[in-house]
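Asker: below are the sequence and a predicted model; questions follow.
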Amino acid sequence: MTNIAALVYAAIVSLWLQEGPLPPWAMQALPLAIDVAEAAHARPLPGPEGELRMAAILTALLFHESRANPEAVGDKGQSLGAWQISRHWPAHDATQAAILVHESFRVCASRPLAERLGWYASGGPTCGRPASSRIRMALAGRLLRLWQAPRAGKLQGVLSAR
């Protein structure tokens, strides 16, 4: 397992435990974490730590969208899987989610960073859900700070930060 997959796995389990007992689909956390790590490696965001930043966003999306339930169905059957990707897309995995994150960042490029998932959150064609984007990006930011903290020697304050 890669370091990123281990971070994602720990994040998923930790987020579940913050809400209560593990869900019935908890055994899917490891395959989801590996899927995230592979997608982040294949399709990183541009710039420094692009792979880690993509992994944080994909993790935030899968937790926010479905509580990491790979069998989730939402929007009256129109959104499928852990990332709640429209049934009209060819796949419903982390790689497809990473492709959609890149597209959302492209379409919403004129928006502040926290609102660049607006296209993803609204299901396209515009950046119509900036508040939804901010919620997802806030979780991604918390995960990224937590994952970066051990290397920077700053773990103490990050664990209690919300």
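Answerer: That came through fine.
Asker: give me the buried positions along stretch 45-58.
Answerer: Within stretch 45-58, the residues scored as buried using 16 or more other Cβ atoms under 10 Å are 45, 51-58. All C-beta atoms are positioned from the backbone trio N, CA, C, and that covers glycine.
Asker: can you list contacts of stretch 86-106?
Answerer: Outside of stretch 86-106, the residues within contact range by Cβ atoms under 8 Å, 6 or more residues apart in numbering are 32, 35-36, 38-40, 42-43, 45, 54, 57-58, 61-62, 77-83, 85, 116-121, 123, 127.
Asker: recalculate using a threshold of 6 Å.
Answerer: Among residues not part of stretch 86-106, those counted as contacts by Cβ atoms under 6 Å, 6 or more residues apart in numbering are 35-36, 39, 43, 57-58, 78-81, 83, 85, 116-117, 119-120, 123.
Asker: which among these count as buried?
Answerer: When neighbours are counted using 16+ other Cβ under 10 Å, those contain these buried positions: 35-36, 39, 43, 57-58, 79-81, 83, 85, 116-117, 119-120, 123.
Asker: now, these that are in helices?
Answerer: 35-36, 39, 57-58, 119-120 (DSSP state H).
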